[in-house]
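> Turn this into a model:
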Amino acid sequence: MRLILFVLCLTLAACSGPPKPDPAPEAAPAASSAGASDDVGFAPVAPIRIDVVDHPDAYVDGLIATLRTLVSKQTDATKWQKDAAIHFWRLQNRLDRGWLSADQEARVVGAIDEMTSAHPETKAYLDHRKWMVQHLAVGKVAPEIAGKDFDNAEFTLSDTRGKVTLVVFTGEWCGPCRSEYPYQRLMLELYKDKPFAIVGINSDSKLDVARKGKVDSRLPYRSWWDGYTAKNTEGPIATAWGVTGWPTMYLLDKEGVIRFAGLRHEDLLKAVSQLMAEKAPE
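Sure thing, here's the model as predicted:
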């Protein structure tokens, strides 16, 4: 009932008005105090906003300083990449909350290049982290995905160009993924005759499980099956996009540009409504 009332309020504009924007995220701590007393190191993740936010320079510089401090704690070269992975994951979560300027992106990339020089044995890993900053950030055109759907028919992510598109990394094995299903069904119903699409990247270990899940859950959108590796969550698409947590979702506008990452539930509904209301550029 709460979800139905929310959607009625959202779609009929019966709410009291748009929420006031949250304040801009504060700068992350400087290197001298960056997480020395805990395992996280980074300041808390800023709330996800539905309006467009540019990252302040001080915030980005603070993130870079924090990252440098955290990765420097591991002096064993054989363990450095494993330990660094969680810090890069947390960095990406924070970068996803806003837009990087070209100069800010260059500073993040430069810091990663410095780490590559210091840890050449991890070059492939760090090159991929750099690629993610350059190609998977908010404001970037989403990388292409190509493959076969559950019916063995070829399709690509760019096939949905011209539509607001939700890219969902999901799996029947994943409880939080299944909690998104009612919202996905609702979006498919609300926008069934509109330029809107959902595409899935499924990580179940067996294709028949993935197929049955889609039918049972009444989710007829097209999906790639990405679970045919020894570790089903390390399929080629998830690996290419750097996905390490499920569900992971990206919301693209009609031009294929990543506009939001990490939205869930009602926040996702609001973001889709916002992008659906936008006029295509002339």
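> how about stretch 131-148: buried residues?
M132, V133, L136, A137, V138, K140, A142, P143, I145, G147 (16 or more other CB atoms under 10 Å). Every residue, glycine included, has its C-beta placed from N, CA and C.
> what's the closest of those residues to W99?
V138 (5.5 Å; CB to CB).
> circling back: inside strands: which ones of the buried residues of stretch 131-148?
Counting by DSSP state E, the part of the buried residues of stretch 131-148 found in strands is G147.
> Make JSON lines out of the buried residues of stretch 131-148 and add pLDDT and distance to L190.
Shown next, in JSON lines, are those (pLDDT from 0 to 100; distance: CB to CB, whole Å):
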{"residue": "M132", "pLDDT": "96", "distance to L190": "31"}
{"residue": "V133", "pLDDT": "96", "distance to L190": "34"}
{"residue": "L136", "pLDDT": "96", "distance to L190": "27"}
{"residue": "A137", "pLDDT": "94", "distance to L190": "28"}
{"residue": "V138", "pLDDT": "94", "distance to L190": "24"}
{"residue": "K140", "pLDDT": "96", "distance to L190": "27"}
{"residue": "A142", "pLDDT": "98", "distance to L190": "22"}
{"residue": "P143", "pLDDT": "97", "distance to L190": "28"}
{"residue": "I145", "pLDDT": "97", "distance to L190": "25"}
{"residue": "G147", "pLDDT": "92", "distance to L190": "28"}
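> quick one, helices of the stretch 51-200 of the chain?
Ranges of helices within the stretch 51-200 of the chain are 57-72, 77-95, 102-118, 123-135, 175-178, 181-190, based on DSSP state H, counting those that start in this stretch.
> Next one, pLDDT for the closest residue to V109 other than its chain neighbours please.
Using CB to CB, 6 or more residues apart in numbering and skipping residues adjacent in sequence, the residue nearest V109 is K130, 5.4 Å away. Per-residue confidence (pLDDT) for K130: 97.
> measure K130 to R185 for me?
38 Å (CB to CB, to the nearest Å).
> Which residue of those two possesses the greater neighbour count?
K130 (19 against 15; other CB atoms under 10 Å).
> how far out from the middle of the chain is stretch 253-266?
Distance, stretch centre to chain centre, for stretch 253-266: 8 Å (CA atoms, centre = their mean, to the nearest Å).
> Next, the contact list for V138, please.
Each residue near V138 by CB atoms under 8 Å, 6 or more residues apart in numbering is listed here: L95, D96, G98, W99, L100, I258, R259, F260, A261.
> Counting neighbours, which of these comes out on top?
F260 leads the contacts of V138 on contacts (other CB under 10 Å) with 25 neighbours.
> Any figure for the gap between the nearest residue to it once chain neighbours are set aside and A118?
For F260, ignoring the flanking residues on the chain, the nearest one in space by CB to CB, 6+ apart is L251 at 4.2 Å. Counting by CB to CB, the gap from L251 to A118 is 36 Å.
> Quick check, central residue of the protein?
A261 (3.6 Å; CA atoms, centre = their mean).
> Please name the residues that touch that one.
D96, L136, V138, T248, M249, Y250, L251.
> Can you add distance to W224 and give those back as JSON lines?
Listed next are the contacts of A261 as JSON lines, based on distance: CB to CB, whole Å:
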{"residue": "D96", "distance to W224": "22"}
{"residue": "L136", "distance to W224": "17"}
{"residue": "V138", "distance to W224": "23"}
{"residue": "T248", "distance to W224": "14"}
{"residue": "M249", "distance to W224": "15"}
{"residue": "Y250", "distance to W224": "14"}
{"residue": "L251", "distance to W224": "18"}
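> In this structure I112 contacts Q134, no?
No - the criterion here is CB atoms under 8 Å, and I112 misses it with Q134 at 10.0 Å.
> domains of this structure?
Using automatic domain parsing, the domain parsing of the chain gives 31-135, 146-277.
> Those domains: lowest mean pLDDT?
Of all the domains of the chain, mean pLDDT reaches its minimum on domain 31-135 (a mean of 87).
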